[in-house]
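J.: Build me a model:
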Amino acid sequence: MLWENLTVQQFEDAVMATNRVCVLPIGCLEKHGDHLPLGTDMMIARAVVEKTAEIEPIVIFPYYIFGQVSEVKHYAGTVALNSEMQLRLLSEVCKEIRRNGFDKIILANGHGGNNNMLKYFAQTMLDEPKDYVVYTYDLWELNAEQLHYLDSHFETPGEYGHADHMETSEIMHIDPSLVYMDRLNPGEWNSQGRARWLAEHNVTAGIHWYTEFPNQIAGDPSLSIAEYGKAYIEFCAQNFAEALRQIKKDETVLKLQTEFFDRCDEVARIPGAAKKDSE
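T.: Numbers count the residues shown, from 1 in each chain. Predicted coordinates for the structure are as follows:
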């Protein structure tokens, strides 16, 4: 159920019918080579979540494109809010989702650049007491059996990353009119090998992605076909639906979160604690 398509009465019914679960697909706006649209991650995330909703009823929050994408500000079309604004905005959106009746909110991630940010955001949910839980889920993960099926039924390049065979095939399935294979620049997707010592020595830096893939494409997309994209999206939806079933029936996480905050309050009531803190 798409949040924006529901009437007020339908919305109220949907809150209960989904066991108070709302899914927020999150992507970004960034370059995906010269052959895919800026909204690729958002489109794929939305497609997977909508497919999932056919299996397991959920309310889907409208398009949310304010992900972490600072490393792509050197290309037009990128929308990169500063980190403070990203976290503040997402926090306020989650509060509004809760105010509308949902106490289980899943941030369904469709953009690799969001990985660390969303995990950190989930940790910040412990800053102060809340009567809802925020979960994060990476939509693209497949199991070994699913990956074997794809490798055995389709010709693939065997290398993935960004604007690659996987994403290109998915957009071909979602809307082939948005894919421009004639604009591919062969070899542009190869690693530049600049500052490779970072990975070799387990060191990270904000500029790392740019040092390796400044053209915003990683992995050969030349063998992409819509059938592969369709199968991949269906597998992702099946996996997400199973995770949703577990989230819907879960009564432990919120209970333990409440217990955690209660214990935090108890610490503040330890005799002399307030005095020591002020010294």
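
J.: What mean pLDDT does stretch 196-215 get?
T.: Mean per-residue pLDDT for stretch 196-215: 91.

J.: hey, C-alpha coordinates of it in CSV?
T.: This file holds the C-alpha atoms of stretch 196-215, laid out as CSV (Å, rounded to 0.1, in the frame of the first residue of the first chain):
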residue,chain,number,x,y,z
ARG,A,196,45.0,1.5,-3.5
TRP,A,197,47.2,1.3,-0.4
LEU,A,198,44.1,2.4,1.6
ALA,A,199,42.3,-0.9,1.1
GLU,A,200,45.6,-3.0,1.3
HIS,A,201,46.3,-1.6,4.8
ASN,A,202,42.7,-1.6,6.0
VAL,A,203,42.5,2.2,6.0
THR,A,204,39.5,4.3,5.0
ALA,A,205,39.1,7.9,3.9
GLY,A,206,36.1,9.9,2.7
ILE,A,207,37.6,10.3,-0.7
HIS,A,208,38.2,6.5,-1.2
TRP,A,209,35.4,5.9,-3.7
TYR,A,210,36.5,8.8,-5.8
THR,A,211,40.1,7.5,-5.9
GLU,A,212,38.9,4.2,-7.4
PHE,A,213,35.8,5.0,-9.5
PRO,A,214,35.7,8.8,-10.3
ASN,A,215,33.4,8.1,-13.3
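
J.: So, low pLDDT: which residues of the stretch 151-279 of the chain?
T.: Within the stretch 151-279 of the chain, the ranges that satisfy pLDDT under 70 run 272-279.

J.: residue boundaries of the helices in it?
T.: Assigned by DSSP state H, counting those that start in this stretch, the stretch 151-279 of the chain shows helices spanning 165-174, 197-200, 208-212, 226-249, 252-268, 273-278.

J.: how close does residue 17 sit to residue 5?
T.: Distance from residue 17 to residue 5, counting by Cβ to Cβ, to the nearest Å: 15 Å. (Glycine included, C-beta is placed from N, CA and C.)

J.: can you check residue 211 too?
T.: Remark: distance between residue 211 and residue 5 (Cβ to Cβ) = 43 Å.

J.: and what of residue 122?
T.: Taking Cβ to Cβ, one finds residue 122 at 28 Å from residue 5.

J.: more neighbours, the two?
T.: The residue with more neighbours, out of residue 122 and residue 5, is residue 122; 14 against 10, by other Cβ atoms under 10 Å.

J.: pLDDT (mean, whole number) over the one helix or strand the more buried one maps to?
T.: Using DSSP states H and E, residue 122 maps to helix 115-124. Mean pLDDT, helix 115-124: 96.

J.: And the residue nearest the centre of this protein?
T.: residue 109 (0.8 Å; Cα atoms, centre = their mean).

J.: who's it bridged to?
T.: residue 26, residue 138 (DSSP bridges).

J.: Pick the most deeply packed of the helices of the stretch 151-279 of the chain.
T.: Ranked by mean neighbour count, the helices of the stretch 151-279 of the chain are led by helix 165-174 with a mean of 25 (mean count of other Cβ atoms under 10 Å).

J.: Centre of the chain to it, how far?
T.: Distance of helix 165-174 from the chain centroid (Cα atoms, centre = their mean, to the nearest Å) equals 17 Å.

J.: and the angle from it to helix 226-249?
T.: Angle of helix 165-174 versus helix 226-249, following axes from the mean of the first three to the mean of the last three Cα atoms, to 10 degrees, is 90 degrees.
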